[in-house]
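>>> Predicted structure and sequence below. I'll ask about it afterward.
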Amino acid sequence: MKLYNQHLDTLSKGNPKLLVFDCEFWRVSGTSGFIPIPDTDEFFIPREIGGFFLTKNDDGSWEYNGYFFVTFTNPKGYDVSFISSHYASVSQKTADQLDVYQSQLQLEWSRAFEGALPDDQKPMLKESLKLYNSDHHIAEHHKPPSWIKKFLKQYSESMIIVKGRADIHALENMCRIHEYDYLEPVDVYDIAPWNRKSRRLCGTAKLEGSFDCISPYVDDKGTKKRRLRDILPLDRAHDPTTDASMTLLVAIYIVASQSK
C-alpha cells in the first residue's frame, strides 16, 4: 500500500527505510554482562515485539506492507519476573487468570522472581509463565531466538523510530544472551525527549495519554481516502503493534509542529 505523507520524509532524514517498533519485556534478574534497567539489578529482553517497516518508493511514496508481531518464550537458565496482564497481548480469559495470580502474590508483580518469592509461591510463578506462553495469541506467534538475527539485518538498514532506549537495550541484551552480533540502526528518532512538553501540553508523558491528546491535530494523511490511523494497527495500548503506531503518529505531530 502506497502512503503519501511529507512528514515521513522528515523523519527518515533521507533514508529509504523506516522501522517503527515496540517491545514488551521479560524482566530478568541479575545484570552481569547486560545493560541494566536503571536503578535495579535487572535487565530487559524482548518478550513481544511488534511494528512495521515503511520503504521509500521511486515515485516518492512510502510502501506499507502490514505489520509484524513476534513473541519469545522466557530464556532458559534465567530468573524472570511475573507478567502483568496489563503488559501482555493475551486473551481476556488468560488476562483474567493472570490477574488472579497477581492478586495472590506477596510481592509487587515486577519484583516477583522465583529467587525472591517465598517457597509456597514459586509454583504459582511457574504456572503463570506457562499460562502466558500457552495463550493462543502468544503461542501462535512464537519464534526461536534466532529470528532476531533476521530482524537485526533489516533494523541495521533502517532509520528507527522509538520511545526511549529500553527497546534498543533489550535487543542488545538478547544478543548478549544468545551470543549474536548486535547491529546498530542507521539512525534513531526517539520521541522521549518530547516528554517534558507532553506533560505541559497533555498532563502526561505516557504514550497512550500523549497520543490521545494530540490525535485530533496530527497530520496523518496516508492515502487519498484513508488516514494513517485508519491503516496502522491501533487496537489497544501495550500491544506492541499499537504502541508502535502511536509512536509514529506522535513523532509525526512533533516534526510537523517543529516545522511551523
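Happy to help now that I have it.
>>> C-alpha only now, for contacts and for neighbours.
Fine.
>>> ranges for the strands of the stretch 151-260 of the chain?
Counting by DSSP state E, counting those that start in this stretch, one finds strands in the stretch 151-260 of the chain at the ranges 159-162, 187-190.
>>> Centre of the chain to the lengthiest strand in the chain, how far?
Taking DSSP state E as the criterion, the chain has its longest strand at strand 42-56. How far strand 42-56 lies from its chain's middle: 5 Å, per CA atoms, centre = their mean, to the nearest Å.
>>> cool, and stretch 189-207?
Its chain's average C-alpha position is 17 Å from that of stretch 189-207, according to CA atoms, centre = their mean.
>>> same check, this time on stretch 23-32
Offset of stretch 23-32 from its chain centre (CA atoms, centre = their mean): 14 Å.
>>> Spell out which helix or strand contains Asn103, please.
No, residue 103 isn't Asn; it's Ser. According to DSSP states H and E, Ser103 maps onto helix 92-104.
>>> Report all helices and strands that the helix or strand just after that helix contacts.
Heading C-terminal from helix 92-104, the first helix or strand you meet, by DSSP H and E, is helix 122-134. If contacts are counted by 3 or more CA pairs under 8 Å, 6 or more residues apart in numbering; DSSP states H and E, helix 122-134 sits against helix 92-104.
>>> for the stretch 101-250 of the chain, what spans make up the helices?
Taking DSSP state H, counting those that start in this stretch as the criterion, the stretch 101-250 of the chain carries its helices at 122-134, 136-139, 147-155, 166-178, 195-202, 207-214, 228-231, 240-258.
>>> Just say which of the ones you listed is most tucked in.
helix 240-258 (a mean of 22; mean count of other CA atoms under 10 Å).
>>> Run through the neighbouring helices and strands of it.
Judged by 3+ CA pairs under 8 Å, 6+ apart, helix 240-258 is in contact with helix 6-12, strand 17-29, strand 42-56, strand 62-71, strand 159-162, helix 207-214.
>>> and the angle for that helix with strand 42-56?
With axes from the mean of the first three to the mean of the last three CA atoms, to 10 degrees as the basis, helix 240-258 and strand 42-56 are set at 70 degrees to each other.
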